[in-house]
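Participant: the amino acid sequence is not available; the structure is as follows:
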């Protein structure tokens, strides 16, 4: 995922902040471009210079949230310590982020869920970014002599697929409603995978 | 899950057959109790002796489909041969069943998807049944000296969670649309888990 468009353009960043504010207050259905512009003290024509539609703003809000998640996950790639521990901590941190968002930011969560259904290419880009981070941790584990993995790219895909159920909005929401101990469940899966990777 | 109500009651079974037929032709929104009764050459009052509502009929259709899946999966528990191979074959068979249903039975698939969202207790019962089957295969692997697993119940939960992404309607549909090689992906995950379980 590309950070450039937002970092380079403070107006764009301000539009997204205002959109998130409106989304939190009124939800996706009741938020429109005119309201976002009004909240910023500007006109909707200014907004349309940066985004072609409300849908494009919403996509950008979700992409921004995904970039934030990827940035958080990157910290575990860069950190010191055993790869196995960092992998587990990364998965649990991503899950915690989803749970916090569901509990504390339900409108953004609902938008997130909807866009995951409607914009598979955004999700695919997110998936590639996250799988890349997992691959770097696994690679590091191999370098450290912790893991013995023939095909690190395939192994990273295995991790991605096996933990999807713990970080995917649909499942996190269902699991929270059912009162499942998803943190323990996620930990058990990661530890099983790590056992398979162990040198 | 309990097979008794359907096996014991041929009228109930005929109602479900007729409902599936109507669902396939007209979809869930356009199918109603009167149409199902008419297709059976009976009255809707007869149907209401067996089901209280259209929603209850639809739930029963999905429960029947889930029982069929559990019955298919049971065959791999009862079969001879290495537990690792049977586990892999079971997961792939469940995935193939979902793919066939999506391609050949889209209206039933849509119903399935909707009920998975709306009736978590049906899904929980299905999950317990399938996890029980996985547990029996793992147990068998331990007996055969193939696996060394401290806590078979936890390990069965790990398998269930790690392969959910390959058999859950939401993901199977998204993966098919994206043209992902989900059979290879599922196989890679099961083989990684089996490696962790290996004695």
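Facilitator: Structure's in. What do you need? Everything numeric here is computed off the predicted structure, so don't read it as measured data.
Participant: same question for the helix or strand residue A:64 falls within, mean pLDDT?
Facilitator: Element membership of residue A:64, judged by DSSP states H and E, is helix A:54-78. In this model, helix A:54-78 has a mean pLDDT of 93.
Participant: which residues of chain A lie near chain B?
Facilitator: Within chain A, the positions adjacent to chain B are A:120, A:123-124, A:154-155, A:157-158, A:161-166, A:168, A:170-171, A:174, A:177-178, A:185-186, A:188-189, A:192-193, A:195-197 by Cβ under 8 Å from any Cβ of the partner chain. Every C-beta, even on glycine, is put in place using the N, C-alpha and C of the backbone.
Participant: need the buried ones from the residues you listed selected in ChimeraX.
Facilitator: Burial among these is assessed by 16 or more other Cβ atoms under 10 Å in any protein chain shown; the matching ChimeraX selection reads:
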select /A:123,155,157,158,161,162,163,164,165,166,168,170,171,174,185,186,188,189,192,193,196,197
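Participant: before we move on, the earlier item: tell me what the helix holding residue A:64 is packed against?
Facilitator: helix A:4-8, helix A:10-30, helix A:33-40, helix A:83-104, helix A:106-118, helix A:120-143 (3 or more Cβ pairs under 8 Å, 6 or more residues apart in numbering or on different chains; DSSP states H and E).
Participant: repeat that with 7 Å
Facilitator: Here helix A:54-78 is seen to pack against helix A:10-30, helix A:83-104, helix A:106-118, helix A:120-143 when contacts are counted using 3 or more Cβ pairs under 7 Å, 6 or more residues apart in numbering or on different chains; DSSP states H and E.
Participant: residue A:145 contacts residue A:199, doesn't it?
Facilitator: Yes. With contact defined as Cβ atoms under 7 Å, residue A:145 counts as touching residue A:199 (5.9 Å).
Participant: can you count the residues close to residue A:181?
Facilitator: 10 (other Cβ atoms under 10 Å in any protein chain shown).
Participant: now do residue A:88
Facilitator: The burial count for residue A:88: 20, using other Cβ under 10 Å.
Participant: might one say that it is in contact with residue A:190?
Facilitator: Yes. If you go by Cβ under 7 Å, residue A:88 and residue A:190 touch, sitting 4.6 Å apart.
Participant: same list, the helices and strands packed on helix A:54-78, but as TSV with mean pLDDT please.
Facilitator: Conversion of the helices and strands packed on helix A:54-78 to TSV gives the following (pLDDT from 0 to 100):
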stretch	mean pLDDT
helix A:10-30	91
helix A:83-104	95
helix A:106-118	86
helix A:120-143	94
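Participant: nearest to residue B:64, out of the ones you listed?
Facilitator: Ranking those by their distance to residue B:64 (criterion: Cβ to Cβ) puts helix A:106-118 first, at 27.0 Å.
Participant: pull the distance from that closest one to the chain's centre.
Facilitator: 12 Å (Cα atoms, centre = their mean, to the nearest Å).
Participant: ok, and what's touching it?
Facilitator: Here helix A:106-118 makes contact (Cβ atoms under 7 Å, 6 or more residues apart in numbering or on different chains) with A:20, A:23-24, A:27-28, A:58-59, A:61-62, A:65, A:101-102, A:122-123, A:169-170.
Participant: once you drop chain neighbours, what's closest to the most centrally placed residue in chain A?
Facilitator: Central residue of chain A (Cα atoms, centre = their mean): residue A:66, 3.7 Å from the mean position. Spatial nearest neighbour of residue A:66, chain neighbours left out: residue A:126 (4.6 Å); criterion: Cβ to Cβ, 6 or more residues apart in numbering or on different chains.
Participant: so how far is chain B from that neighbour?
Facilitator: Noted for residue A:126: a distance of 13 Å to chain B, by Cβ to the nearest Cβ, to the nearest Å.
Participant: can I take it that residue A:149 is in a strand?
Facilitator: No. Residue A:149 is assigned coil when assessed by DSSP: H, G, I helix; E, B strand; the rest coil, not a strand.
Participant: thought it was touching residue A:156?
Facilitator: No. Applying Cβ under 7 Å as the test, residue A:149 and residue A:156 come out as separate, 9.1 Å apart.
Participant: what's the local residue count around the residue nearest to residue A:66?
Facilitator: Close neighbours of residue A:126, defined as other Cβ under 10 Å, add up to 19.
Participant: ok now whatever helix or strand residue A:184 lives in, how far from the chain's centre?
Facilitator: Taking DSSP H and E as the definition, residue A:184 sits inside helix A:182-197. Helix A:182-197 sits 20 Å away from the centroid of its parent chain (Cα atoms, centre = their mean).
Participant: cool, stretch A:101-112 as well?
Facilitator: Chain-centre distance of stretch A:101-112: 12 Å, with Cα atoms, centre = their mean.
Participant: and if you look at stretch A:10-22?
Facilitator: 19 Å.
Participant: quick one: list the elements packing against the strand or helix carrying residue A:174.
Facilitator: According to DSSP H and E, residue A:174 maps onto helix A:169-177. Where contact means 3+ Cβ pairs under 7 Å, 6+ apart, helix A:169-177 is packed against helix A:83-104, helix A:106-118.
Participant: that older thread, hmm, who's touching the helix holding residue A:64?
Facilitator: Residues contacting helix A:54-78 (Cβ under 7 Å, 6+ apart): A:1, A:3, A:6, A:15-16, A:19-20, A:23, A:28, A:32-33, A:36, A:51, A:86, A:89-90, A:93-94, A:97, A:108, A:111-112, A:115, A:119, A:122, A:126, A:129-130, A:133, A:136-137.
Participant: kindly report the same for stretch A:182-199.
Facilitator: Where contact means Cβ under 7 Å, 6+ apart, the residues beyond stretch A:182-199 that reach it are A:84, A:87-88, A:91-92, A:95, A:138, A:141, A:145-149, A:155, A:158-159, A:162-163, A:166, A:175, B:154, B:157-158, B:161-162, B:192-193, B:195-196.
Participant: try stretch A:158-171
Facilitator: If you take Cβ under 7 Å, 6+ apart as the criterion, stretch A:158-171 is touched by A:91, A:94-95, A:98, A:109, A:112-113, A:116, A:127, A:130-131, A:134, A:182, A:185-186, A:189-190, A:193, B:161-162, B:164-165, B:170, B:185, B:188-189, B:192.
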